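Trainee: I'd like to go over a predicted model; first the sequence, then the structure.
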Amino acid sequence: MHILKGDVTLWSLEPQIAPFYSFMLADSAFRLPLLLNLGLNFHTLSVDGASSLNKLLRYLAAATYLRRLTLLEPESTFESYPMLSRTVQGFTCLQSIQLIGAGEASINVLNNIQSSLVSVDIEYLLDQDEEWIGIPSLHQSRSTLCDLTLKYGAVVGFDLVNKCVYSNGTQVALPDSSVRDVHEVIRAFPRLQRLEALGTGRCNTFDELRAFNQARQRELGSWSRLEEYCGPVCTLYELAIACPIASLHLTSDFGDNMMDPAMLMAVLSDAHPLKLSLQAHGYLCEQHPVFLSLFRQNSLRNLGTLVLEEWIATFEGGSEEVDWVKILDSLVDNIIAPLHFLEYFELYLCGDSSHWTGSITAEAKRFLLSSLERQLAVWDAAAFVSRARAANGNSALVLVIKYWDQAAKTTRIVDLSQRGARADKREGPYHVTAPGAFREAR
């Protein structure tokens, strides 16, 4: 494969500009059509470096082959060298742009860019003034924009800055603090399919915002259906989206309202999901009655896929041994049996370092992990599968358990139903075990 195919990034930008420009000029007829994706580190450019970069960008803009442009730390450079702002604005061929470390100058460039963009990904500077309004207008991309991601920063509601309607916008990711009036998102993205709320969901106005958004949607309408919501439970509770959501991936923070079962029950009643992924936060271990009653709700009657994450460390420190065999067996009656259309069930027993919280000691970590592995080694997985399928009424039900192997420092996946393990590669490097009993898998 030619070196220009794929992503080309100039990380040490200033010393690389001139050689790269010369390289492109040496065989421009062949090389220019190959360069579709370019990343540039704008940090600390000199006057001469900015001039050379401007020449390169003008050359690429005139060629009209470039499709994706990624700019790292562009804010101070745009402020110092307006000529670069004008040159980037002059691109007419871009389909996708990513700005990492954006501020007001970067947003002004986006607001005036001549390309009709399909995808925009903005990571804001973390020290922006809270009064600064930073959602780009993107007027040129009203009919083409499909995917918008805004990360971090003091981004405020759409109603204050942006009256555009993006008729083909299907995927939007926003800081959870930026959306208070859900109807502004409904208005701006009438064909939305996937909504992601980025953040921890910490807020103290849950019920007030929920009532406000419910009233707004009764008055002005909502989407007819969303394919997916990903984000904090409390943000979805606040937004009170008044339409079915086919797939829910629910996250939460470590605050007092991290996964309130009553709040979870409300959002499930709103969404009627077909796929559900959520973090149990100890409720499974505790056999919390409200949490377990969720799975008997009418709103989950058509659920086909369920993924539960349970952390094997308690928030109080985790020195008491958990009876995992009892908990696993209780899954059948409390969760699997009521879900008659369930086709895939996965339990992820989280135990890697990214999931430890609070003041738990290294000794307690080792104790909990060793206890889990010891119990799984003697657990009768075959009997569990038979009982689960009989209770559920689906003889083809797929049952998967993932757990942290502290010796191998990796997540092991066991497909109890012997139909091949399913691994989400985005989560990390997994070791997929042979199907069957845990004693064989280890």
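Mentor: Nice, thanks for sending it over. Residues are numbered from 1 along each chain as shown.
Trainee: In the stretch 101-250 of the chain, mark out all the helices, start to finish.
Mentor: Along the stretch 101-250 of the chain, the stretches classed as helices by DSSP state H, counting those that start in this stretch are 104-112, 182-188, 206-220, 233-239.
Trainee: would JSON lines of these with mean neighbour count and mean pLDDT be doable?
Mentor: For the C-beta atoms, the positions are set from N, CA and C on the backbone; glycine is no exception. Conversion of those to JSON lines gives the following (neighbours: other CB atoms under 10 Å; pLDDT from 0 to 100):
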{"stretch": "helix 104-112", "mean neighbour count": "20", "mean pLDDT": "90"}
{"stretch": "helix 182-188", "mean neighbour count": "20", "mean pLDDT": "90"}
{"stretch": "helix 206-220", "mean neighbour count": "15", "mean pLDDT": "93"}
{"stretch": "helix 233-239", "mean neighbour count": "28", "mean pLDDT": "91"}
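Trainee: export the ones you listed to a markdown table and tack on distance to E196?
Mentor: What follows is the helices of the stretch 101-250 of the chain, written out as a markdown table (distance: least, CB to CB, whole Å):
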| stretch | distance to E196 |
| --- | --- |
| helix 104-112 | 20 |
| helix 182-188 | 12 |
| helix 206-220 | 17 |
| helix 233-239 | 10 |
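Trainee: Can you tell me which of the ones you listed is nearest to E14?
Mentor: For those, proximity to E14 was assessed by CB to CB; helix 104-112 is nearest, at 19.7 Å.
Trainee: Just the CA atoms of that closest one, as PDB, please.
Mentor: Extracted C-alpha coordinates of helix 104-112, given in PDB (Å, rounded to 0.1, in the frame of the first residue of the first chain):
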ATOM      1  CA  GLU A 104     -13.700  30.700  19.400                       C
ATOM      2  CA  ALA A 105     -11.300  31.300  16.500                       C
ATOM      3  CA  SER A 106     -11.600  27.600  15.400                       C
ATOM      4  CA  ILE A 107     -15.400  27.800  15.500                       C
ATOM      5  CA  ASN A 108     -15.300  30.900  13.400                       C
ATOM      6  CA  VAL A 109     -13.300  29.000  10.800                       C
ATOM      7  CA  LEU A 110     -15.900  26.300  10.800                       C
ATOM      8  CA  ASN A 111     -18.800  28.800  10.500                       C
ATOM      9  CA  ASN A 112     -17.200  30.100   7.300                       C
END
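Trainee: That helix packs against which elements?
Mentor: When contacts are defined as 3 or more CB pairs under 8 Å, 6 or more residues apart in numbering; DSSP states H and E, helix 104-112 sits against helix 75-80, helix 82-89, strand 96-102, strand 119-124.
Trainee: mind putting those in TSV, mean pLDDT, mean neighbour count and distance to L347 included?
Mentor: Written out in TSV, the entries for these read as follows (pLDDT from 0 to 100; neighbours: other CB atoms under 10 Å; distance: least, CB to CB, whole Å):
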stretch	mean pLDDT	mean neighbour count	distance to L347
helix 75-80	91	19	45
helix 82-89	96	18	48
strand 96-102	93	22	36
strand 119-124	91	20	33
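Trainee: how about the helices of the stretch 301-442 of the chain, start to end?
Mentor: Here the stretch 301-442 of the chain has its helices, by DSSP H, counting those that start in this stretch, at 324-331, 362-378, 381-392, 438-441.
Trainee: got those helices as TSV, with distance to V179 and mean neighbour count columns?
Mentor: Supplementary listing: the helices of the stretch 301-442 of the chain in TSV, determined by distance: least, CB to CB, whole Å; neighbours: other CB atoms under 10 Å:
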stretch	distance to V179	mean neighbour count
helix 324-331	35	17
helix 362-378	37	16
helix 381-392	37	17
helix 438-441	43	16
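Trainee: List just the one of these that sits closest to L276.
Mentor: Between L276 and those, the shortest separation by CB to CB is 14.6 Å, and it involves helix 324-331.
Trainee: Using JSON lines, lay out the helices of the stretch 301-442 of the chain together with distance to H288 and mean pLDDT.
Mentor: As requested, the helices of the stretch 301-442 of the chain are exported to JSON lines (distance: least, CB to CB, whole Å; pLDDT from 0 to 100):
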{"stretch": "helix 324-331", "distance to H288": "12", "mean pLDDT": "86"}
{"stretch": "helix 362-378", "distance to H288": "19", "mean pLDDT": "72"}
{"stretch": "helix 381-392", "distance to H288": "21", "mean pLDDT": "91"}
{"stretch": "helix 438-441", "distance to H288": "26", "mean pLDDT": "39"}
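Trainee: and stretch 332-344, what's its mean pLDDT?
Mentor: Averaging pLDDT along stretch 332-344 yields 94.
Trainee: Next, the residues that contact it from outside, please.
Mentor: Where contact means CB atoms under 8 Å, 6 or more residues apart in numbering, the residues beyond stretch 332-344 that reach it are 287, 292, 295-296, 300-306, 308, 345, 384, 387-388, 391-394, 396-398, 400, 422.
Trainee: hmm, back to that, V109 is nearest to which of the helices of the stretch 301-442 of the chain?
Mentor: helix 362-378 (47.7 Å).
Trainee: quick revisit: tell me which of the helices of the stretch 101-250 of the chain approaches S52 most closely.
Mentor: Checking these against S52 by CB to CB gives helix 104-112 as the closest, at 19.3 Å.
Trainee: Quick one: distance of that closest one to the chain centre.
Mentor: On the basis of CA atoms, centre = their mean, to the nearest Å, helix 104-112 is displaced by 25 Å from the centre of the chain it belongs to.
Trainee: Over to stretch 57-67?
Mentor: Distance of stretch 57-67 from its chain centroid, counting by CA atoms, centre = their mean, is 32 Å.
Trainee: Dump the helices and strands packed on helix 104-112 to TSV, plus distance to L331.
Mentor: Compiled in TSV, the helices and strands packed on helix 104-112 are given as follows (distance: least, CB to CB, whole Å):
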stretch	distance to L331
helix 75-80	50
helix 82-89	54
strand 96-102	42
strand 119-124	39
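Trainee: And those: which comes nearest F23?
Mentor: Each of the helices and strands packed on helix 104-112 was scored for nearness to F23 using CB to CB, and the closest is helix 82-89 (19.9 Å).
Trainee: now the closest one against helix 104-112, angle please.
Mentor: In terms of direction (axes from the mean of the first three to the mean of the last three CA atoms, to 10 degrees), helix 82-89 departs from helix 104-112 by 40 degrees.
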